[in-house]
Every structure is written in C-alpha cells, then in structure tokens.
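**Q** Okay, structure incoming, though there's no sequence with it:
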C-alpha cells in the first residue's frame, strides 16, 4: 500500500513539484459511476481538482481541500494513493507530479472559493479519459480499477 506524501516546500529549480489531486466519484441517478472534471483557469482544458500540498499537509488532505476550493466538492477522501501523473507548465521550468486520491462525493456546494472561475462537469469513466487535457492523467483514468 502506498502512503500519502507530506510536502514541506514549494517551487525549487530543478526539482519535481508535487501536487495533490482528487478523483471525485459519484453514482449517477441511472447507477453509473461518474468522475468530476474541472476546467483549467488558463486553458479551459479538463482535469482533476489539484494543487500544491501546503507545508505540514498530507497529499490526501490537500486533495480534499482542492476538491472543495475548485469545485465545491466534499466527501470521504481515501488516504491511499490511487495513482499519479506528471505534467509540465509553460510558466514553470519545473516538472509537476500529481498524487491522486479517490474522493467519494457526499455533497456538491453552490458556493466555494473558485466558483465562477472554472467549469465543472460530471463525465462517465470513458468520457472523462477522453476529455482530459494531460496525457498522463488520461493514462491514469484508463487504467483505474
């Protein structure tokens, strides 16, 4: 079993920047499992709610916080790592690695910190894998059990 990561610092030239992401899951009224994706503020590309791990915070705590801040999602977060993926930003020389945790959604808020800044939408598993902008995230979603 992989353990959550605890982060103590932010950007440092040449180092991989670790972030945490939430794989927000719910069951649709028709009984199908759905995944929440949010739009990037810069490009609008679909992805998971994700962001920096604050000092003293575990990766699963950060994933739960990001799910609420970016999408108004609350629920039960798993402390087990579901997977990870890498990506890069044009605005940073550092590579990023996102540690992903599953979140079983219990509520979807209408008011949250990034309300109006991002789109949020529910997708079936296969549609989510086809919609995401990062190849590494696409691979992670396609290989989920």
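**A** Yes, it's here. All figures in this text were calculated on a predicted structure; none of them were measured in a lab. Residues are numbered from 1 along each chain as shown.
**Q** does residue 141 count as helix, strand or coil?
**A** Following DSSP: H, G, I helix; E, B strand; the rest coil, we place residue 141 in the helix state.
**Q** let me fix that: residue 60
**A** Going by three-state DSSP: residue 60 is helix.
**Q** again, but for the one 10 residues further on
**A** The local conformation at residue 70, judged by three-state DSSP, is helix.
**Q** Could I get the contacting residues of it?
**A** Listed by CB atoms under 8 Å, 6 or more residues apart in numbering, the contact partners of residue 70 are 38, 49-51, 112-114, 118, 120. The way it works is simple: take the backbone N, C-alpha and C, and place the C-beta from them, glycine included.
**Q** now residue 75
**A** Contacts of residue 75 (CB under 8 Å, 6+ apart): 24, 64, 67, 103-107.
**Q** Please name the strands paired to the helix or strand that contains it in the sheet, noting orientation.
**A** Element membership for residue 75 (DSSP states H and E) is strand 73-88. Pairing partners of strand 73-88, with direction, according to DSSP bridges: strand 95-108 (antiparallel).
**Q** From residue 81, how far off is residue 44?
**A** Plainly put, residue 44 is 28 Å away from residue 81 if you go by CB to CB, to the nearest Å.
**Q** More neighbours: which of these two?
**A** Ranked by neighbour count (other CB atoms under 10 Å), residue 44 and residue 81 place residue 81 first, with 19 against 10.
**Q** and the more buried one, what are its bridge partners?
**A** In beta-bridge terms (that is, DSSP bridges), residue 81 pairs with residue 101.
**Q** Now do it against residue 107, distance only.
**A** Counting by CB to CB - residue 81 and residue 107 are separated by 24 Å.
**Q** same thing with residue 134?
**A** In this view, residue 134 and residue 107 are 27 Å apart by CB to CB.
**Q** Comparing these two, which shows the higher neighbour count?
**A** residue 134 (19 against 9).
**Q** quick one: contacts for the closest residue to the more buried one other than its chain neighbours?
**A** Closest residue to residue 134 apart from its sequence neighbours, by CB to CB, 6 or more residues apart in numbering: residue 87 at 4.7 Å. Residue 87 is in contact with 95-96, 98, 134, 136-137, counting by CB under 8 Å, 6+ apart.
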